[in-house]
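Participant: Let me see the structure of the following:
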Amino acid sequence: MLRMATGQKCRAFLKWAGGKYNLVQAISAHLPDSSVLIEPFVGAGSVFLNTDYPRYHLNDINADLIGLYQLLKTEHSRFIADARSLFSAQTNQRDAYLQLRQQFNQSSDNYERALLFLYLNRHGYNGLCRYNLSGKFNVPFGSYKKPYFPEAELLFFAEKAQKAEFSCVSYQDVMLQAKAGDVIYCDPPYVPLSKTASFTSYASQGFDLNDQAQLANLAEQAQNRGVAVVVSNHDTTWTRKIYQQAVLHSVQVGRSISQKGSSRGKVAELFAVYQAMPVPRLQQLAVTPQKAG
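Facilitator: Numbers count the residues shown, from 1 in each chain. So this is what the prediction gives:
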């Protein structure tokens, strides 16, 4: 099994619904060694930050998230200095928040959007990242006394990002590109536990039950190509059915996001583990005709 990154667990610099900070040890126990870890749904990156692979391929359909990560990889000093100015008493007010949220929604400048994305994440309600059907960020003001500026976490991410390749494409494309020996960890938007619980759409395209089933099929296909895959989701009758070809592990975890603090109890989370199947040698090698000697 893969060793965890050395030292104390590292927190992501973003607040994130469904973040995996408290589960990285349990997840890592199911991730085998490899030269690369692929994450089609990287989110806040807790698994990336707390594992120790030589290389990473980190993907997410949220273009603002990936744009921020790419800037941190290449321009972290400038970015952190500029972002710090957005964490002040003047910007921690509802009117200022709404103005900056509107500025974000109207901006087409990648650098400006990255700065404001971080600001909105730390000042918005409950760490949510949510867009309406028009693709506009619509999370309300969080009313926090003094939002934390995560400078140390930003610096750590920027340093480790030197080992990572970032992309903003579909999860299908990422899964299909994986090669024998690769390891994939999938943390998709979860199956709702109730009809009113589906608030995790951080991309305007959404992620429906057809996507959930297709992800399970792609995991099986990747397994047959010699790729190890681990998928996390809510532990429900339906997820157990679509992941029936995997080895299933269930754990109890605390809710990190809920509209009512009193309802933040424990729920069952499922890890579906697809161990890489041995690939016949003839499939691994491309046969090249030999020239006559």
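Participant: Give me the pLDDT value at the nearest residue to residue 186 once chain neighbours are set aside.
Facilitator: Take residue 186 and drop its neighbours on the chain: the residue closest to it by Cβ to Cβ, 6 or more residues apart in numbering is residue 231, 4.3 Å away. Every C-beta, even on glycine, is put in place using the N, C-alpha and C of the backbone. Note on residue 231: pLDDT of 98.
Participant: three-state assignment of residue 231?
Facilitator: strand (DSSP: H, G, I helix; E, B strand; the rest coil).
Participant: give the contact list for it.
Facilitator: Shown in contact with residue 231 (Cβ atoms under 8 Å, 6 or more residues apart in numbering): 185-188, 215-216, 219, 243, 246, 271-272, 274.
Participant: and what of residue 234?
Facilitator: Taking Cβ under 8 Å, 6+ apart as the test, what residue 234 contacts is 190-193, 267-270.
Participant: Surely residue 156 touches residue 49?
Facilitator: Yes. Between residue 156 and residue 49 there is a contact under Cβ atoms under 8 Å: 7.1 Å.
Participant: Quickly list what's touching both of these two.
Facilitator: With Cβ under 8 Å, 6+ apart as the test, residue 156 and residue 49 both reach residue 10.
Participant: and these two? which has more neighbours close in?
Facilitator: residue 49 (21 against 16; other Cβ atoms under 10 Å).
Participant: just for the chain, where's the confidence low?
Facilitator: 1-7, 194-205, 255-265, 281-293 (pLDDT under 70).
Participant: Enumerate every residue touching the closest residue to residue 225 other than its chain neighbours.
Facilitator: Once flanking residues are discounted, residue 225 sits nearest to residue 180: 5.8 Å by Cβ to Cβ, 6+ apart. Residues near residue 180 by Cβ under 8 Å, 6+ apart: 225-227, 276, 279, 284.
Participant: Go again with 10 Å.
Facilitator: By Cβ atoms under 10 Å, 6 or more residues apart in numbering, residue 180 lies in contact with 222, 224-228, 276-279, 283-284.
Participant: separation between it and residue 118?
Facilitator: Separation of residue 180 from residue 118 (Cβ to Cβ, to the nearest Å) stands at 38 Å.
Participant: follow-up on the earlier one: can you list the contacts of residue 231 in TSV and add distance to residue 66?
Facilitator: Below are these laid out as TSV (distance: Cβ to Cβ, whole Å):
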residue	distance to residue 66
185	17
186	17
187	15
188	16
215	19
216	24
219	22
243	27
246	28
271	25
272	25
274	25
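Participant: From these, pick the one nearest residue 19.
Facilitator: residue 187 (9.1 Å; Cβ to Cβ).
Participant: ok, the closest residue to that closest one other than its chain neighbours - how many residues close by?
Facilitator: Once flanking residues are discounted, residue 187 sits nearest to residue 41: 4.8 Å by Cβ to Cβ, 6+ apart. Using other Cβ under 10 Å, residue 41 has 22 other residues around it.
Participant: thinking again about what came up before, list phi and psi for the residue nearest to residue 225.
Facilitator: phi -50, psi 130 (degrees, to the nearest 10).
Participant: quick revisit: which residues does the residue nearest to residue 187 contact?
Facilitator: Shown in contact with residue 41 (Cβ under 10 Å, 6+ apart): 18, 58-62, 171, 174, 185-189, 202, 207, 215, 231-232.
Participant: cool, residue 268 as well?
Facilitator: 193, 234-236, 239, 250-253.
Participant: try it again with 6 Å
Facilitator: 235, 250, 252 (Cβ atoms under 6 Å, 6 or more residues apart in numbering).
Participant: Residue 165 now?
Facilitator: So residue 165 contacts residue 57 (Cβ under 6 Å, 6+ apart).
Participant: buried residues in the helix or strand where residue 271 lies?
Facilitator: Assigned by DSSP states H and E, residue 271 belongs to strand 266-274. The neighbour-count check on strand 266-274 (16 or more other Cβ atoms under 10 Å) flags 269-274 as buried.
Participant: which residues in the stretch 1-150 of the chain form helices?
Facilitator: Secondary structure of the stretch 1-150 of the chain by DSSP state H, counting those that start in this stretch: the helices cover 24-28, 46-49, 63-84, 94-106, 110-123.
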